[in-house]
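Q: Quick one, structure for this:
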Amino acid sequence: MNIHDPLSASARAGLSEPILDISGLNVAYGGRGGWTQVVRGVELSLDRGRCLVLLGESGSGKSVTLRSIVGLLREEGAKVEGRVRVGGQDVTTLSAPELLKLRGGRVGFIFQEPMTALDPVFRIGHQIAETIVQHRGVSWREAMAKARELFDLVQIPSAERRLQAYPNELSGGLRQRAMIAMAMSCDPELLLADEPTTALDATVQIQVLLLLREIQKERGTAMVFVTHDLGVAAEIADEVAVMYAGRIVEHGDAAQVLLNPAHPYTRALTHCVVQGSYRDRRLGELTGSPPDVSKLPPGCSFAPRCAYRADDCLRTEPARRDMAPGHDVACLHAGSLSASRPG
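A: Model (predicted):
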């Protein structure tokens with residue numbers, strides 16, 4: 001895996017307070033059987049100009065955590081506890097008009113499937129310009145000129161003609177680039193990307209990833225990127241937070257987490273990735289299925305699938321603890337795993 005180089009320590013030291021600070025985040029959804037907690041005790045902090053990847057299987061709570069950053073869970077009827085601060089502003093206390101100002105302004109959002117995010121009855125240029133007018137208060141002429149610049153930024157060819165196109169007239173790759181242009185239209189400090197390359201073929205996927213990394217580097221934008229793909233995480237991440245059953249089970253710089261994973265779940269994920277030549281070698285596998293979050297077992301949620309589990313894993317839920325500077329893990333026996341590997 002090619003690990004994206006993080007900012008140097010000296011560069012990070014010169015930055016101000018974190019652009020994103022999540023503390024004690026718990027999210028529950030109501031149903032016939034009562035409330036089900038889908039995110040449990042998430043603690044995260046992200047400095048300006050950094051890219052954090054939320055990594056894990058489907059249903060681990062990645063997208064719910066992402067949506068909490070812009071207050072979308074409130075509209076979905078979820079019960080949210082804890083604090084989410086963006087640039088020092090507590091999102092959980094904002095009014096509906098203040099949230100609308102935050103979304104698309106200070107925070108940009110790139111969705112997984114642009115056809116569900118872009119309005120099919122309006123031209124793409126109109127949709128981008130409308131966002132700029134609402135958040136920046138400029139004229140339509142100025143907004144359309146800005147939209148044209150954004151299409152150049154995201155490398156959409158024949159930009160003038162594509163601005164007049166409807167979403168269905170563009171390929172999947174061009175629609176995703178248009179979605180990125182819309183997310184960047186008001187120069188956000190924080191960019192949220194919810195598996196934006198999943199629906200794209202491999203060639204277009206790498207083009208979009210390189211584009212996002214280039215934009216982030218040029219503009220100093222912080223980014224939270226959700227994916228289940230370790231290759232994508234290695235390509236774009238400065239730091240990685242691994243989620244399982246609604247909790248963060250490992251967090252650290254990308255190189256630490258992906259090359260020297262400390263949690264059995266992260267180790268299992270990395271062993272399932274083809275690296276170099278695998279002739280005459282068996283590819284690793286992660287047995288079992290993700291747990292039902294409404295019926296979590298006692299102790300560690302990963303214990304039923306864990307090759308290293310011990311009796312205490314079935315009784316005690318592990319807290320996150322430091323393994324090295326900037327690298328923490330929620331595992332009772334993480335310190336003894338480096339010297340062992342299941343046969």
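Q: what sits up against stretch 197-204?
A: With contact meaning CB atoms under 8 Å, 6 or more residues apart in numbering, stretch 197-204 is reached by Q112, E113, G172, G173, Q176, Q205, V208, L209, T227, D229, V232. Yep, even glycine has a C-beta here, placed from its N, CA and C like the rest.
Q: Out of those residues, which end up buried?
A: By the neighbour-count criterion of 16 or more other CB atoms under 10 Å, these include these buried positions: Q112, E113, G173, Q176, Q205, V208, L209, T227, V232.
Q: still on that earlier bit, G30: which of the contacts of stretch 197-204 is nearest?
A: Q112 (24.9 Å; CB to CB).
Q: A strand includes that closest one, no?
A: No: according to DSSP: H, G, I helix; E, B strand; the rest coil, Q112 belongs to no strand; its state is coil.
Q: ok, and for the top helix by length along the chain, which residues are buried?
A: Counting residues, the longest helix found in the chain (DSSP state H) is helix 202-219. Applying a neighbour-count criterion of 16+ other CB under 10 Å, one finds V204, Q205, Q207, V208, L209, L211, L212, R213, I215, Q216 buried in helix 202-219.
Q: May I see these organised as a markdown table, with distance to L191 and pLDDT added?
A: Compiled in a markdown table, those are given as follows (distance: CB to CB, whole Å; pLDDT from 0 to 100):
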| residue | distance to L191 | pLDDT |
| --- | --- | --- |
| V204 | 19 | 82 |
| Q205 | 17 | 83 |
| Q207 | 17 | 85 |
| V208 | 13 | 85 |
| L209 | 13 | 88 |
| L211 | 12 | 87 |
| L212 | 8 | 89 |
| R213 | 11 | 89 |
| I215 | 8 | 86 |
| Q216 | 7 | 86 |
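Q: Can you add distance to V39 and give those residues back as a markdown table?
A: Compiled in a markdown table, these are given as follows (distance: CB to CB, whole Å):
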| residue | distance to V39 |
| --- | --- |
| V204 | 31 |
| Q205 | 27 |
| Q207 | 32 |
| V208 | 27 |
| L209 | 26 |
| L211 | 30 |
| L212 | 25 |
| R213 | 27 |
| I215 | 28 |
| Q216 | 25 |
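Q: Is it correct that D90 is in contact with V84?
A: Yes: when contacts are counted by CB atoms under 8 Å, D90 is listed as touching V84 (7.1 Å).
Q: Looking at these two, which is more packed in?
A: For D90 versus V84, the count of surrounding residues by other CB atoms under 10 Å is larger for V84: 25 against 11.
Q: Make sure that one is indeed in a strand.
A: Yes: under three-state DSSP, V84 falls within a strand.
Q: which residue sits closest to it, ignoring its sequence neighbours?
A: Of all residues not flanking V84 in the chain, V91 sits nearest, at 4.4 Å (CB to CB, 6 or more residues apart in numbering).
Q: Could I get the contacting residues of the one you found?
A: S68, I69, V70, G71, V84, R85, L99, L102.
Q: and if we set it to 7 Å?
A: I69, V70, G71, V84, R85, L102 (CB atoms under 7 Å, 6 or more residues apart in numbering).
Q: on that earlier part again, wait, which of the buried ones among the contacts of stretch 197-204 is closest to A268?
A: Of all these, the one sitting nearest A268 is T227; the distance, using CB to CB, is 16.8 Å.
Q: For that closest one, give its distance to S60.
A: To S60, T227 is 11 Å away according to CB to CB, to the nearest Å.
Q: before we move on, the earlier item: go through the buried residues of helix 202-219 and say which is closest to M184.
A: Where those are concerned, and distances follow CB to CB, M184 has its nearest neighbour in I215, at 6.5 Å.
Q: Which element is encountered next along the chain beyond the longest helix of the chain?
A: Past helix 202-219, heading to the C-terminal end, the next element that is a helix or strand (DSSP states H and E) is strand 222-227.
Q: Can you give the contact residues for that following strand?
A: When contacts are taken as CB under 7 Å, 6+ apart, the neighbours of strand 222-227 outside the stretch itself are 19-20, 46, 48-55, 62-63, 66, 69, 189-195, 216, 233, 236.
Q: can you give me the strands for the stretch 201-343 of the chain?
A: Along the stretch 201-343 of the chain, counting by DSSP state E, counting those that start in this stretch, strands occupy 222-227, 239-244, 247-253, 321-324, 327-329.
Q: so which of the ones you listed gets nearest W140?
A: Of the strands of the stretch 201-343 of the chain, nearest to W140 by CB to CB is strand 222-227, at 29.3 Å.
Q: Which helix or which strand is home to F109?
A: According to DSSP H and E, F109 maps onto strand 107-110.
Q: Can you point out the buried residues in the next helix or strand after that strand?
A: Using DSSP H and E, the next helix or strand after strand 107-110 towards the C-terminus is helix 114-117. Taking 16+ other CB under 10 Å as the neighbour-count basis, helix 114-117 is seen to contain the buried residues P114, A117.
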